[in-house]
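# need a 3D model of the following:
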Amino acid sequence: MRYLVKARVKPGREQALLTAIEDGTLGRGSVAGDEYLWDMQQARVTRDGTAHWVEVCFCGVPLEEEHPYWEEYFDLISVTDAHARRNCRDLNGTEPWACSECDCTRRLEEKLHSSGEPFLARLEMNFAPCGGNETRSKQCNEQEQR
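Numbering: from 1, shown residues only. Alright, predicted model coming up:
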């Protein structure tokens, strides 16, 4: 099944999240593998700081296996079906594991892509260490202004 996830980074966990994304350790040990990194590359963030992404999950309980990995960095606001359950070929048994290659949430993902801004870009801009070439953290810019 595909889920629309809405979450906010826990205060003080931004740098740790960015490091886990950059060094590829986000989700390490999970059966979902690189899905966490893909999700962060696709996530969008709204003005209020809420990140949104569509996530594939085959658990009986939505994101059951993924919860501990996400909750290390995020306060999960909501996890809702990204499309009608009755149409999910994996859930209705017509095609096991169909969610891996399914385009059932294409319109939703296109809508998300045109809203807000890329989550990872904002995280890098605000929390990348000083000295980065393309992005500068708020902290670095504030230090330079002093």
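# by mean pLDDT, point me to the weakest helix or strand of this protein.
Within the chain, judged by mean pLDDT, DSSP states H and E, the helix or strand with the poorest mean is helix 138-145; its value is a mean of 55.
# which stretches of the chain have low pLDDT?
Per-residue confidence of the chain (counting by pLDDT under 70) places the weak regions at 130-146.
# what ranges does it have for its helices?
14-22, 35-42, 67-71, 106-113, 119-127, 138-145 (DSSP state H).
# would you mind telling me which of these is nearest Phe58?
Between Phe58 and the helices of the chain, the tightest spacing by C-beta to C-beta is seen for helix 35-42, at 10.8 Å. (Glycine included, C-beta is placed from N, CA and C.)
# who are the packing partners of the closest one?
Packed against helix 35-42 by the contact rule (3 or more C-beta pairs under 8 Å, 6 or more residues apart in numbering; DSSP states H and E) you find strand 51-56, helix 106-113, helix 119-127.
# list the buried residues of that helix.
If you call a residue buried by 16 or more other C-beta atoms under 10 Å, then helix 35-42 has these buried ones: 35-37, 39-40, 42.
# and it with helix 106-113, angle?
Orientation note: helix 35-42 sits at an angle of 60 degrees relative to helix 106-113 (axes from the mean of the first three to the mean of the last three C-alpha atoms, to 10 degrees).
# hmm, back to that, in CSV, list the helices of the chain along with distance to Gly29.
CSV is the format used below for the helices of the chain (distance: least, C-beta to C-beta, whole Å):
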stretch, distance to Gly29
helix 14-22, 12
helix 35-42, 11
helix 67-71, 8
helix 106-113, 27
helix 119-127, 22
helix 138-145, 30
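# which one of those lies closest to Trp53?
Among those, the nearest to Trp53 by C-beta to C-beta is helix 35-42 (4.8 Å).
# would you mind writing the CA trace of that closest one as PDB?
Output for helix 35-42, consisting of C-alpha atoms alone and laid out as PDB, is shown next (Å, rounded to 0.1, in the frame of the first residue of the first chain):
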ATOM      1  CA  GLU A  35      13.400   3.500   0.700                       C
ATOM      2  CA  TYR A  36      14.100   6.000   3.500                       C
ATOM      3  CA  LEU A  37      16.700   7.900   1.400                       C
ATOM      4  CA  TRP A  38      14.400   7.900  -1.600                       C
ATOM      5  CA  ASP A  39      11.600   9.300   0.500                       C
ATOM      6  CA  MET A  40      13.700  12.100   1.800                       C
ATOM      7  CA  GLN A  41      14.800  13.000  -1.800                       C
ATOM      8  CA  GLN A  42      11.200  13.100  -2.900                       C
END
